Every structure is written in C-alpha cells, then in structure tokens.
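Participant: structure of the sequence below:
(chains A, B, C and D)
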2 protein chains.
Amino acid sequence: MSIQERRERERAERHRLIVDAAQELAETEGWDAVTTRRLAERVEYSQPVLYSHFKGKDAIVRAVALQAIGDLAERLRAARAAHRSPAKALRALAQAYLDFAATRPALYDAMFVREVDLSFGTDESPPELRAAFGEFVAAVAPFAGDDDDVETLTEVVWSALHGQATLNQGRRLRPDHHQARLDVLLSRFS
Amino acid sequence: MSIQERRERERAERHRLIVDAAQELAETEGWDAVTTRRLAERVEYSQPVLYSHFKGKDAIVRAVALQAIGDLAERLRAARAAHRSPAKALRALAQAYLDFAATRPALYDAMFVREVDLSFGTDESPPELRAAFGEFVAAVAPFAGDDDDVETLTEVVWSALHGQATLNQGRRLRPDHHQARLDVLLSRFS
DNA sequence: TCGAATGTCTAGCGCTGCTAGCATCGAACT
DNA sequence: AGTTCGATGCTAGCAGCGCTAGACATTCGA
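Facilitator: Numbering: from 1, shown residues only, chains lettered A, B, ... in the order given. Below you'll find the model as predicted:
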C-alpha cells in the first residue's frame, strides 16, 4: 500500500500548493487576478488539474477563506489572552480584527464579503468559524447586561466591526479616523 | 437649434433607458445577469451604443448606484421626519435603512459593497450621497455626548447598520434575530 | 509482456467586456 | 435640387474567462 500512500501524500501536497498559490495571488493582485489559467500556471500544472482537486473556482476561494478564518481565530485568541481586564481584552480583540481586515483585504473579502457558501451560525459551521466566533463571544460576554442575549450582543459587536472594516476598505469613511471610530464603538459597548 | 435640442433630448432619454434597464435587470436577476449584451438587447440597441453613453460597464453600475442612493436618502428623510422624538426618529431611520438593504440587495450592493469609485466623505461627494449621510447626521446628533464628534459618531452608527445589513444579506448571522440586533444596537446609542 | 487503469494534457465551447471599421442616413451647402 | 460630409449605430471580432470532452502517456497488476 506504500505506493497509494505516496500518491495520496503527493495529492495532498498539490492541494496545499493550489490553495497557497490562490491565496498569494489574491493577496498580491486581488481576486480578479485569480483566474484558473494563471493559477494553473503558478502551480505548473494544466487547468483541468485544478478541477480534479476542487469542484470549481468557488471551492478554491472557499478553501482559502477557511484557512484564513483559522488564522484570524488564532490572532483573536492571542489578542484576547494577552489581557486580564475584560475591557482591554475586548479592545485588543477588536483592534486585531480591524488590523487583519486592513492588512489582508483580499482574504477578508473571501471570508466575509464575497458570496461563498460557508454555513454561518449553525452547528454545522466549520470549526475554524466556530472558533473565531467563540473568541468574540468570550470577549463580549463580560459586558452583557442581565437582559442581553450574549449571542445577539456578540453578533451586534461583530457586525459593527465588520461595517467599519468594509467601509474603511472601500474608502467610504474618512481616513485617519479609524481609531476614533473604534473608540466610540467601544465606549458604547464596554 | 431645435434639431440639436431634439437630439440631446433623445440622447438623455436613452441614457435613462439604459440605467433603468440595468437597475431592473440587477434587481430581478442579480448583477451577474447584467452583461453588456443582455443590457443592449433590453434597450433594443447594439452593444457599442452603451459605450457611447458610458465609459464602460462600471460607469453604468455607478449611475444605478447614484440613483439608488438618491432614493435611499429620500426614504431616510421621510422616516426621520415622521417622528418628533429623537429616539423614535433614529429608530425609524435605522429601520428604513435596513429595510432598504433587505428588500433591494442588488442596489445596496452597488451602493456600498461593490467597488465603485464614488468619492465618499469629501466635499466632492455627489449630492445624493451627501444628502443620505446628512440624514444620518441629523438623526444621530441628538445622542452625541459633549466629547463626541458628531461626524465620527455618525460614521460609527452607519457602519454598525451597514455591518448588520451585509452580514444578514450574506446569511452570516442567525436569521429571525434581525429585530433583536437592531434593538441592542439602538439601546447602546440612544 | 500485455491489457487496464490512472493521471495529465491539448483543444475547444459558450460566455464576458470592449472596440475597429464599415454602412447608412440626414443635415447643410452650392 | 443634387451633392457632399459628418454623425450615428451596426456587424464582426479580439483576448480572456470558467469549465470540460476526449486524446495521450505512463504506470500498475496479472
């Protein structure tokens, strides 16, 4: 069975290669530049090979998004864990979230803006997604009033940050006021 | 000069026809269905005619977005003006905003999600945009503390609503909790 | 060693946004 | 009134898109 194992290993390796190439191409030149032809050229295989690994281009984007969400979850965890005070922890988490969106806009787009059929907010959501949302819940929970549903409150905070992230990215808010906007938001929620 | 005037009238008419057709097509079948060929067929002209009116497809999308923003501004004005109490006025405006996003997702996308080079937040912004933002400012201003910059506060509230609108639309938040999320948000800002 | 199976490639389909170049038609001038 | 000329809208086509059918090696198991 060693031959089969080797093949599976090579296959997994190539799978990773495709996802990484797609991510790099998206981050450096934007998603418009991620065409099946350019991607195939990057990984030095022909186009149809991509389709033996993924059902279509959307599936590749989804794989990149999922990987990125895992990365984001880890950053959120680290930011939150670095502070004992709930207020500082929430601020650090929010800052880490906005930083991620600002520095890696293409990945952020794939995760939370582009239409990609990841199931959100259900028990069938991928673990990376549940982990990321869990970090938000943990950071927000200390500020829930007695009447507040924690999950709802978390969704509201996340949405508020998401709104700032996307409108910033689209240059639809005044530049140089990022910090002020985050301060105002946090002042109302913590 | 009557002949020239007639031509200009016909040209303006056709301009309107193109924008309206694009809007209708986008609203009924989504932006993916808005191709230059289908659009040309709708207005019963050949493709190149579109390019004598607009620099490219992006310019058509921009025109649709601008028209829609004017419409949104009017709805926000009406919602706000219907209430004397600042709290009720803000709630009505927020509700109108989210309703618009939910019922006309394609237009909302063109306005605030897709990349269109409308200049936001500057003195050169189109009047429709300034009007819409002005409604937000008027609704939010009564709730600004002494230390708050009104414009910043407005951007924060708008971003928060925008976040809810887009995440709702992408089915990234739990359905059936729209109202609860709006309530939580308003409870913290008014 | 030979047939079967696996894996990869070339070539091509029906789209896309966009444009060069050619008719056609009406206004204006002799 | 006849001719010229410019404006206007058309046909046809380019390069590139996501995706796939079918041919071609290459490698495996008997």
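Participant: and residue A:146, its phi and psi?
Facilitator: With angles defined as degrees, to the nearest 10, residue A:146 sits at phi -60, psi -30.
Participant: and for residue A:184?
Facilitator: Dihedral angles for residue A:184 - degrees, to the nearest 10 - are phi -60, psi -40.
Participant: roughly how far does it sit from residue B:158?
Facilitator: Applying C-beta to C-beta, to the nearest Å, the value for residue A:184 to residue B:158 is 12 Å. The way it works is simple: take the backbone N, C-alpha and C, and place the C-beta from them, glycine included.
Participant: in chain A, what residue is nearest DNA strand C?
Facilitator: Nearest to DNA strand C, among the residues of chain A, is residue A:46, at 3.3 Å (C-beta to the nearest atom of the strand).
Participant: how many neighbours does that residue have?
Facilitator: Residue A:46: 10 surrounding residues under other C-beta atoms under 10 Å in any protein chain shown.
Participant: my guess is it contacts residue A:37. True?
Facilitator: No: contact between residue A:46 and residue A:37 fails when scored by C-beta atoms under 8 Å: they sit 9.6 Å apart.
Participant: now do the same for the residue of chain A closest to DNA strand C: its pLDDT.
Facilitator: We have a pLDDT of 96 for residue A:46.
Participant: which residue is the nearest non-sequential neighbour of it?
Facilitator: residue A:40 (5.8 Å; C-beta to C-beta, 6 or more residues apart in numbering or on different chains).
Participant: the helix or strand the one you found falls within packs against which elements?
Facilitator: For residue A:40, the element it lies in under DSSP states H and E is helix A:36-43. Judged by 3 or more C-beta pairs under 8 Å, 6 or more residues apart in numbering or on different chains; DSSP states H and E, helix A:36-43 is in contact with helix A:2-29, helix A:47-53.
Participant: can you redo those helices as a markdown table with mean neighbour count and distance to chain B?
Facilitator: Formatted as a markdown table, the helices and strands packed on helix A:36-43 follow (neighbours: other C-beta atoms under 10 Å in any protein chain shown; distance: least, C-beta to the nearest C-beta, whole Å):
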| stretch | mean neighbour count | distance to chain B |
| --- | --- | --- |
| helix A:2-29 | 14 | 14 |
| helix A:47-53 | 14 | 21 |
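Participant: out of these, nearest to residue B:115?
Facilitator: When those are compared by C-beta to C-beta, helix A:2-29 sits nearest residue B:115, at 14.5 Å.
Participant: is any residue of that closest one near DNA strand C?
Facilitator: Yes: residues of helix A:2-29 contacting DNA strand C under C-beta under 7 Å from any atom of the strand: residue A:7.
Participant: which of the helices and strands packed on helix A:36-43 has the lowest average pLDDT?
Facilitator: helix A:2-29 (a mean of 89).
Participant: neighbours around the residue in chain A that chain B sits nearest to, how many?
Facilitator: When scored by C-beta to the nearest C-beta, chain A has residue A:163 as its residue closest to chain B, at 3.0 Å. Using other C-beta under 10 Å, residue A:163 has 27 neighbouring residues.
Participant: how close does it get to residue B:129?
Facilitator: 17 Å.
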